[in-house]
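Enquirer: next input, structure requested:
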Amino acid sequence: MPAHDTSRHREDQPTRDRGSRHPVRALVVGVGLLALVGVLALGGYAFFLQRTVEGNIEREDLNADDNSVVTISPDRFGSTRPGEDEAEAEDDGSVDLDGTVGPDGGTGEEQSEEDAAAPIVGEDGEEIEVPTSEFVATSPERPAEAGEAMNFLIIGSDSRDLSVERGRSDVIVLMHVNDERDRVDLIHFPRDLFVPIAGTGGSSKINAAYSYGGAPLLVQTLQPLIDVPIDHVVIVNFESFRAMTDAIGGVDVNVAEASPGFPEGVMHMDGATGLEFVRERYALSQGDISRGQRQQAFIQGIMTEALSRETLTNPARLSRFVDAATTNLTVDADLQVGDMRDLGFAMRGVRGDDIHFETAPWSGIADHPVAGSIVVMADEQMQVLSEHLKNDTMEDYTDPVSPRSGFGG
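Expert: Numbers count the residues shown, from 1 in each chain. Take a look at the predicted model:
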């Protein structure tokens, strides 16, 4: 009997050990499998998002590289090309910052003189006739002090289709991403800022550059002011702002200056309310300057919510936002989705407090006999801004020149 018991023990022992001899290894394997499933799921989701972005964005020759040819082809009528009948345009819900687009394709009000492209003014103060022409593009040298800092030109356009019409560039923002990828500066250039327009031999409101030559001429006009190269160009249809806002459940916006329907303080806005908020300028103390500041506050609200834990950890919500953000988005031909993904990953630590807003330096508002109401550039302060961009020291930049109230002078 003892021999039988010993034999039975020897037979049973391997069976018992087979199930319990490596419990830690089994646990590690289990966790590893779960991790692999998670990685595959996240990778598949990232692939889905990349496919969404790739399928949504449009690419155009928006930038102007050294030695490329820039064409000046005046579109003096803003969002309507000469001879085009707006009444025949389809109602696609596109947004006009100066009025809601009606079913007839119009704005519900006559297009004012200020909505058309401003004339080009020569040194003698007289209007210059600008024919269709071409010139060779140039760009400033990239300063070594800036490291890998990047500059994006963001243009807000009311165009329904950039292949058909340029539209108006009512929003002109330079986005500076610092070398460490932990700070973003958004510099608003008022559309009425009176500056030399590249290739024309004259000056005008800065958004006239877009009307006369599209994004490449705007790049060539802006670069000499800031003396740094613009790496990439992005054109956003205003419908994207509305869709992005609604995709993340609305945003909280700081209303710095009250106007009808918008009391001072933090206000939660959906897309339609947000566009009404950024459209107003006549009821604000500094007109288009104040409107630009409202646009910045609204953009900050979107970026803060988009970068929040509630959005980044919610796949469905993030997917809706990415889809909305990249629909009606046009980028320059050199900006690849992989570049956008890599930059986004490098900036993954950026939060609302890391996004800073400035307005291009100005000294006052004047009534020009030819160009109309213009924003006068503060030349010396613009050079100060340029130095901080070139040295990637925007954290030290201050502007004691631009008026904080009223219209200066």
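
Enquirer: so how far is residue 145 from residue 50?
Expert: Per CB to CB, to the nearest Å, residue 50 is found 34 Å from residue 145. C-beta coordinates here come from the backbone N, C-alpha and C atoms, glycine included.

Enquirer: these two: who's more crowded?
Expert: residue 50 (15 against 12; other CB atoms under 10 Å).

Enquirer: tell me the bridge partners for residue 70.
Expert: According to DSSP bridges, the residues that bridge with residue 70 are residue 135.

Enquirer: on the three-state scheme, the residue nearest the centre of the chain is what?
Expert: The residue lying closest to the centre of the chain (CA atoms, centre = their mean) is residue 154, at 4.5 Å. On the three-state scheme (DSSP: H, G, I helix; E, B strand; the rest coil), residue 154 is labelled strand.

Enquirer: what residues does the closest residue to it other than its chain neighbours make contact with?
Expert: Distances taken as CB to CB, 6 or more residues apart in numbering put residue 173 closest to residue 154, at 4.4 Å, once the chain neighbours are dropped. By CB atoms under 8 Å, 6 or more residues apart in numbering, the residues touching residue 173 are 153, 154, 155, 156, 186, 187, 188, 189, 295, 296, 299.

Enquirer: residue 218 too?
Expert: Contacts for residue 218 (CB under 8 Å, 6+ apart) come out as 153, 155, 169, 172, 206, 207, 209, 210.

Enquirer: where is pLDDT lowest across those?
Expert: pLDDT across these is lowest for residue 169, at 78.

Enquirer: wait, what's in contact with that residue?
Expert: Residue 169 makes contact with 155, 156, 157, 191, 207, 210, 211, 218 under the criterion CB under 8 Å, 6+ apart.

Enquirer: now do 6 Å
Expert: The neighbours of residue 169, taking CB atoms under 6 Å, 6 or more residues apart in numbering as the test, are 155, 157, 207, 210.

Enquirer: ok, the second one touching residue 236?
Expert: No - no contact is recorded between residue 157 and residue 236 when judged using CB atoms under 6 Å, the distance being 7.2 Å.

Enquirer: what strand or helix carries the closest residue to residue 203 other than its chain neighbours?
Expert: Distances taken as CB to CB, 6+ apart place residue 196 nearest to residue 203, at 4.9 Å, with adjacent residues excluded. Assigning secondary structure by DSSP states H and E places residue 196 in strand 193-197.

Enquirer: also residue 299?
Expert: For residue 299, the element it lies in under DSSP H and E is helix 288-306.

Enquirer: now that helix: how far from the chain's centre is it?
Expert: 11 Å (CA atoms, centre = their mean, to the nearest Å).

Enquirer: and it, what does it pack onto?
Expert: Where contact means 3 or more CB pairs under 6 Å, 6 or more residues apart in numbering; DSSP states H and E, helix 288-306 is packed against strand 251-255, helix 271-279, strand 355-359.

Enquirer: taking the mean pLDDT, what do you get for the longest one?
Expert: Mean pLDDT, computed over helix 271-279, is 92.

Enquirer: which parts of it are buried?
Expert: For helix 271-279, burial by neighbour count (16 or more other CB atoms under 10 Å) applies to 271, 273, 274, 275, 277, 278, 279.

Enquirer: ditto for the first one
Expert: Residues of strand 251-255 classed as buried: 251, 253, 255 (neighbour count, 16+ other CB under 10 Å).

Enquirer: make TSV from those residues and add distance to residue 129 and pLDDT to it.
Expert: Converted to TSV, those look like this (distance: CB to CB, whole Å; pLDDT from 0 to 100):
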residue	distance to residue 129	pLDDT
251	45	94
253	43	95
255	44	96
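
Enquirer: what would these look like in a markdown table with distance to residue 386?
Expert: Conversion of the buried residues of strand 251-255 to a markdown table gives the following (distance: CB to CB, whole Å):
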| residue | distance to residue 386 |
| --- | --- |
| 251 | 32 |
| 253 | 30 |
| 255 | 32 |
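
Enquirer: can you give me the strands for the stretch 151-300 of the chain?
Expert: Shown for the stretch 151-300 of the chain, the strands assigned by DSSP state E, counting those that start in this stretch span residues 169-177, 184-188, 193-197, 202-205, 232-237, 251-255, 265-269.

Enquirer: could these be laid out in a markdown table, adding distance to residue 383?
Expert: Shown next, in a markdown table, are the strands of the stretch 151-300 of the chain (distance: least, CB to CB, whole Å):
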| stretch | distance to residue 383 |
| --- | --- |
| strand 169-177 | 15 |
| strand 184-188 | 14 |
| strand 193-197 | 14 |
| strand 202-205 | 17 |
| strand 232-237 | 24 |
| strand 251-255 | 30 |
| strand 265-269 | 36 |
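
Enquirer: quick one: which of those is nearest residue 404?
Expert: strand 184-188 (14.9 Å; CB to CB).

Enquirer: circling back to that earlier point, to residue 318, which of the helices and strands packed on helix 288-306 lies closest?
Expert: Closest approach to residue 318 among the helices and strands packed on helix 288-306 (CB to CB): strand 251-255, 15.1 Å.
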